[in-house]
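Q: Fold the following and give me the result.
(2 chains)
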2 protein chains.
Amino acid sequence: MAFLESPSRPLVESLVREALFRQLGRAVTPAPVLVVNSSARHMHISPENVEVLFGKGAELTVHKMLYQEGQFASQQTVTLVGPRKRIIPNLRILGPCRNLTQIELAFTDAVQLGIDGPGRMSGDIEGTPGTYIMGPKGFLEMKNGVIRAARHVHMSPSDAEFYGVKHLDLITLKVSAKGCTTRFDDLLVRVDPAFKLEVHIDTDEANACDLDHAEKVELFKSQPST
Amino acid sequence: MAFLESPSRPLVESLVREALFRQLGRAVTPAPVLVVNSSARHMHISPENVEVLFGKGAELTVHKMLYQEGQFASQQTVTLVGPRKRIIPNLRILGPCRNLTQIELAFTDAVQLGIDGPGRMSGDIEGTPGTYIMGPKGFLEMKNGVIRAARHVHMSPSDAEFYGVKHLDLITLKVSAKGCTTRFDDLLVRVDPAFKLEVHIDTDEANACDLDHAEKVELFKSQPST
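A: Predicted coordinates for the structure are as follows:
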């Protein structure tokens, strides 16, 4: 499993050009390199909350750079305390800081913890459950912000043009693996000039399709009913 | 999540008749009722090993009947001890006894435990890893038998005829759920006159597609490339 904090184990795979060109009906251009990574559970955090958990003046420090430019797994980890007094220790914080604090769990994590984290796009935390966080220097009560991050793909405008999609469209990811090929529909497209082409699925999804041993990964614009 | 030991939470769903009839090109017959259940991690066991773990003369007793005729979650549970001294407590044994002892884990369980359980059809345990099992009356070293059960569907010969498949064919399960519709290819077809139509996926797969909140479940014979 390629955790966000582990060396990005990019499952690098050329797309089936011919099929796409037939679909897109245009001249042959090089297929972008598609990387699929699974995001282990993690936390995003505001600068104020870093100080609550790690002490006044504390800042996130880099443990490992991630595939998206400027993003990193920090050296800082916390303990998540669920409503049934169950805990998840060593929850890693991703940096840099954001203007909101948010926890992203796979469903398996949420079930274990006793929190029903709804599937949401990152940042869309209104009405979501909260939790308690223990850091080395303090305790934080999150009123909300526990979600399951919706499966999504980061891409640049030129990648979006290649696939014939636009920001917030849905696309299908097919992961071909021996005995457990899986197609994930409803993959949310997020377009930004700063983005590198990368799919993020969570650990449940990665385990369901055996991403570690995948032989091929592909994106398809269409979502036929079979 | 519908664990095997919880009341079978059948996700009961009529198939889209018209599509199938078009596909099968024959007269209208009623679609069979399709049930999709997730199997939480569990153990199958031989009578000899019941005695090793629970004492001489011990037998499995019924905790709850399962959807397939005669199958049950037993009252007996064990503790699984992995190679890194991590444990999974309260692993439920399913009955009745079989002629082999086998543990079925989701990948998430296997990762947590530190065992790399390969995807296998139930019963096909040659060359798979083993583990240690603690029962109330004894300790068992399994030389092999830890697997991830391949996603599969039980069906009767008449169901198989309806779907146009035969024993050991592969079929596709589509689970439609808000924001995370997923198509599981490579679903192994198991045909037996005693079987009721039921798909078994594991907890990773059920969590990946949010089976709990699924709006529709369907089986498709064909596996187009998109």
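
Q: near chain B, which residues of chain A?
A: Residues of chain A lying close to chain B (Cβ under 8 Å from any Cβ of the partner chain) are A:1, A:19, A:106-108, A:111, A:119, A:150-151, A:172, A:174, A:178-186, A:202-205, A:207-210, A:220, A:222, A:224-226. Quick note: C-beta positions are derived from backbone N, CA and C, even for glycine.

Q: give me that answer again for 6 Å
A: A:107-108, A:119, A:150, A:179-186, A:204-205, A:207-208, A:220, A:222, A:224, A:226 (Cβ under 6 Å from any Cβ of the partner chain).

Q: Quick check on those residues: which are buried?
A: A:107-108, A:119, A:150, A:179-186, A:204-205, A:207-208, A:220 (16 or more other Cβ atoms under 10 Å in any protein chain shown).

Q: Show me the residues you listed that map onto strands.
A: A:119, A:182, A:183, A:184, A:185, A:186, A:220 (DSSP state E).

Q: I'd say residue A:214 and residue A:174 touch.
A: No - Residue A:214 is beyond contact range of residue A:174, at 9.7 Å (criterion: Cβ atoms under 6 Å).

Q: Mind checking the pLDDT average for stretch A:218-226?
A: The average pLDDT within stretch A:218-226 is 70.

Q: cool, stretch A:86-95 as well?
A: 95.

Q: again with stretch A:104-113
A: Stretch A:104-113 comes out with an average pLDDT of 90.

Q: Now do it: distance to the chain's middle.
A: 14 Å (Cα atoms, centre = their mean, to the nearest Å).

Q: Next: stretch A:60-68.
A: On Cα atoms, centre = their mean, the centre of stretch A:60-68 falls 14 Å from that of its chain.

Q: Pull up the distance across it, start to finish.
A: 17 Å (Cα to Cα, to the nearest Å).

Q: is it true that residue A:111 lies in a helix?
A: Yes - residue state for residue A:111 (DSSP: H, G, I helix; E, B strand; the rest coil) corresponds to a helix.

Q: Relative to residue A:147, how far out is it?
A: Noted for residue A:111: a distance of 14 Å to residue A:147, by Cβ to Cβ, to the nearest Å.

Q: These two - which one has more neighbours?
A: Neighbour count, other Cβ atoms under 10 Å in any protein chain shown: between residue A:111 and residue A:147, residue A:147 has more, with 23 against 17.

Q: Please name the residues that touch that one.
A: By Cβ atoms under 6 Å, 6 or more residues apart in numbering or on different chains, the contact set of residue A:147 is A:117, A:120, A:128.

Q: wait, isn't residue A:175 in contact with residue A:210?
A: No - taking contacts as Cβ under 6 Å, residue A:175 lies outside contact range of residue A:210: 7.9 Å.

Q: which one of those two has more residues nearby?
A: Neighbour tally, residue A:175 and residue A:210, criterion other Cβ under 10 Å: the higher count belongs to residue A:175, 27 against 22.

Q: so which helix or strand takes in the more buried one?
A: If you go by DSSP states H and E, residue A:175 is part of strand A:170-176.

Q: for that strand, packing partners?
A: strand A:182-191, strand A:216-220 (3 or more Cβ pairs under 6 Å, 6 or more residues apart in numbering or on different chains; DSSP states H and E).
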